[in-house]
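In: A structural model of the following input is requested.
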Amino acid sequence: MSGIGSIKFLMNGALTVGTRDCATIEMAEEAGEESSFLFGTPLRDALRNDYYIHLADLGTYLEADGRLLDLYRRPDAWAHRRY
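Out: Next up, the predicted model:
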């Protein structure tokens, strides 16, 4: 999805799961980290450790997904975790 599309979702209360890149970083700064579940490693480290960059963000993605699932299991917290 494009950055603009993601911003539109955010403006309508959506939570964001995504890599730390231009749009998601800016969205988290504006809306607060609590509305985002971001993951990712610096590009330089990914290139050094994973030639094809297949699994560079897997660990941090799973951490972000775990935080999201934990929040989803708590309906009251989920309903209030909006921008």
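
In: what helices or strands is the longest helix seen in the chain leaning on?
Out: In the chain, with assignment by DSSP state H, the single longest helix is helix 58-72. Helices and strands touching helix 58-72, by 3 or more CB pairs under 8 Å, 6 or more residues apart in numbering; DSSP states H and E, are strand 16-19, strand 36-39, helix 75-80. (Each C-beta comes from the backbone N, C-alpha and C, glycine too.)

In: Give me the distance between the last one and the centre of its chain.
Out: Its chain's C-alpha centre lies 18 Å from the corresponding centre of helix 75-80 when counted by CA atoms, centre = their mean, to the nearest Å.

In: Kindly report the same for the first one.
Out: Taking CA atoms, centre = their mean, one finds strand 16-19 lying 2 Å from the centre of the chain it belongs to.

In: what mean pLDDT does it have?
Out: Strand 16-19 carries an average pLDDT of 84.

In: Mind giving me the packing neighbours of that strand?
Out: helix 3-11, helix 22-31, strand 36-39, helix 58-72.
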